[in-house]
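>>> requesting a structural model of the entry that follows:
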Amino acid sequence: MRIFNRRRNQTAAPAASSAPELSRDQIKRATRTRKTWSLLTSFFLFITVIFLILVEIASTRNTSNINSWYFIRIDLSHIIPNTVPNFTLINTIAQSLGLHDFYQVGLWGFCEGYKAQGVTFCSNPQALYWFNPVEILRNELLAGASINLPADINDILDLIKIASQVMFGFFLTSACLSFVLMFVVPFSVFSRWAALPIAILTFINALLVTVASIIGTAMFIIFRNVIAGVSELNISATIGSYLFGFMWTATAFAIFAWLVQTGLCCCCASRRDVRTGRKRGNEKAYHTDTSGAPVSGAGQGASEKPKRRFRFGRSNA
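Numbering: from 1, shown residues only. Model prediction:
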């Protein structure tokens with residue numbers, strides 16, 4: 001029985017010595033790598049929030065800075081083709097009936113204007129907004145005037161409504177969630193168990209902004225192609241490169257934040273790991289303190305092996 005007790009004591013001794021007493025500064029230094037990656041994740045989320053804000057404020061106000069930010073711009077300045085006799089006069093009459101030269105769409109509303117004057121009016125921001133060109137043109141025309149749009153545009157209105165509202169909800173939710181996670185992510189330094197739920201939230205955030213960007217890209221490209229395929233009217237549409245760049249940049253950094261945070265679930269020693277001895281972290285923390293001076297205790301224990309090798313070499317000599 002004494003032999004078994006000795007073996008148990010011998011096997012328990014390394015486990016106890018694997019968790020040396022470390023100062024607070026040493027623990028911080030041992031987990032410096034994990035802290036760096038956590039702060040990098042927060043920085044990625046910060047960039048995500050910035051670009052999502054740019055997506056949110058596009059076409060919400062008639063200011064020169066954001067007039068060029070839109071999902072799609074519909075040009076009605078030459079609604080009558082050049083092949084029609086007196087097309088210039090007819091286009092002028094169409095403008096006098098209430099039509100503007102262009103309409104551009106944002107997440108919260110739309111803006112309209114003339115090529116010579118630029119944007120002249122932006123609608124009031126509206127939650128769950130969706131662009132209905134039929135309703136807008138009917139409201140713009142004077143009383144008694146009407147315009148018949150092709151059936152292809154009317155057929156996709158229901159799809160535009162559903163897709164626009166889903167995109168609106170996902171972008172707004174992702175902006176709020178990214179802002180909160182930006183301050184929550186640094187808590188993953190303390191424990192890998194804390195990093196797991198944060199990683200799940202960053203995955204949900206990346207999923208929301210990615211799906212919203214895909215919906216917006218597909219919806220407005222289809223809408224542009226439908227308008228370009230109309231042969232009865234000379235209507236053109238262009239995709240806004242700025243706003244598309246904003247939303248896909250936000251998507252990319254949200255994905256980067258999720259990948260880094262997922263890696264923190266299994267990589268880099270946390271402060272709990274260092275305290276319990278599961279992982280050592282940065283080895284420099286066991287040899288020197290934060291000022292660079294040698295430490296006693298754990299640092300001396302870590303340097304015992306090199307001393308034994310030196311003595312062994314001398315005995316052979």
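
>>> can you give me the buried ones in the helix or strand containing residue 169?
Taking DSSP states H and E as the criterion, the element that holds residue 169 is helix 157-184. By neighbour count with 16 or more other Cβ atoms under 10 Å, helix 157-184 contains the buried residues 160, 163-164, 166-168, 170-172, 174-175, 177-178, 181-182, 184. C-betas here are computed from N, CA, C, even on glycine.

>>> and the strands in this structure?
Ranges of strands within the chain are 72-75, 102-105, 110-114, 118-122, 236-239, based on DSSP state E.

>>> and residue 243, what pLDDT?
Confidence at residue 243, expressed as pLDDT, is 92.

>>> how many other residues sit next to it?
For residue 243, the neighbour count with other Cβ atoms under 10 Å is 25.

>>> one more: the one 4 residues further on?
Under the neighbour criterion other Cβ under 10 Å, residue 247 is assigned a count of 26.

>>> which residues does it contact?
Residue 247 is in contact with 51-52, 55, 171, 209, 212-213, 216, counting by Cβ atoms under 8 Å, 6 or more residues apart in numbering.

>>> got it, and residue 60?
Residue 60 neighbours (Cβ under 8 Å, 6+ apart): 66, 106, 108-109, 122, 125.

>>> out of those residues, which is most surrounded?
residue 106 (26 neighbours).

>>> correct me if wrong: that one contacts residue 58.
Yes: applying Cβ atoms under 8 Å, one finds residue 106 in contact with residue 58, separated by 4.2 Å.

>>> filter the contacts of residue 247 to the buried ones?
Using 16+ other Cβ under 10 Å, the buried ones in the contacts of residue 247 are 51-52, 55, 171, 209, 212-213, 216.

>>> picking that back up, what helices or strands is the helix holding residue 169 leaning on?
Packing partners of helix 157-184 (3 or more Cβ pairs under 8 Å, 6 or more residues apart in numbering; DSSP states H and E): helix 32-57, helix 192-228, helix 241-263.

>>> tell me the contacts of residue 165?
Going by Cβ under 8 Å, 6+ apart, residue 165 touches 128, 130.

>>> show the model's pLDDT score for it.
91.

>>> which one of the buried ones among the contacts of residue 247 is nearest residue 136?
Residue 136 has its nearest neighbour among the buried ones among the contacts of residue 247 in residue 216, at 19.2 Å by Cβ to Cβ.

>>> name the nearest residue to the closest one, ignoring sequence neighbours.
residue 167 (5.1 Å; Cβ to Cβ, 6 or more residues apart in numbering).

>>> isn't that neighbour up against residue 217?
No: counting by Cβ under 8 Å, residue 167 sits too far from residue 217 to count as a contact (9.8 Å).

>>> so what sits against both of these two?
With Cβ under 8 Å, 6+ apart, residue 167 and residue 217 have no common neighbours.

>>> lowest-confidence helix or strand of the protein?
For the chain, using mean pLDDT, DSSP states H and E, the weakest element among its helices and strands is helix 298-302, scoring a mean of 43.

>>> state the distance from the residue nearest to residue 248 when sequence neighbours are not counted to residue 166.
Computed as Cβ to Cβ, 6+ apart, the closest residue to residue 248 that is not its neighbour in sequence is residue 213, at 5.7 Å. According to Cβ to Cβ, to the nearest Å, residue 213 and residue 166 sit 12 Å apart.

>>> got it, and residue 73?
22 Å.

>>> in this protein, where is pLDDT below threshold?
Counting by pLDDT under 70, the chain has low-confidence residues at 1-31, 78-98, 137-155, 229-234, 269-317.

>>> still on that earlier bit, dump the helices and strands packed on helix 157-184 into CSV; add distance to residue 130 as well.
CSV is the format used below for those (distance: least, Cβ to Cβ, whole Å):
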stretch, distance to residue 130
helix 32-57, 16
helix 192-228, 10
helix 241-263, 16
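
>>> what's the closest of those helices to residue 118?
Per Cβ to Cβ, nearest to residue 118 of the helices and strands packed on helix 157-184: helix 241-263, 15.8 Å.

>>> flag every buried residue along the closest one.
Neighbour-count burial for helix 241-263, counted by 16+ other Cβ under 10 Å, picks out 243-244, 246-258, 260-262.

>>> tell me which of the strands of the chain sits most buried.
The highest mean neighbour count among the strands of the chain, using mean count of other Cβ atoms under 10 Å, belongs to strand 102-105: a mean of 24.

>>> now the strands of the chain as TSV including distance to residue 192?
Formatted as TSV, the strands of the chain follow (distance: least, Cβ to Cβ, whole Å):
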stretch	distance to residue 192
strand 72-75	45
strand 102-105	45
strand 110-114	48
strand 118-122	48
strand 236-239	43
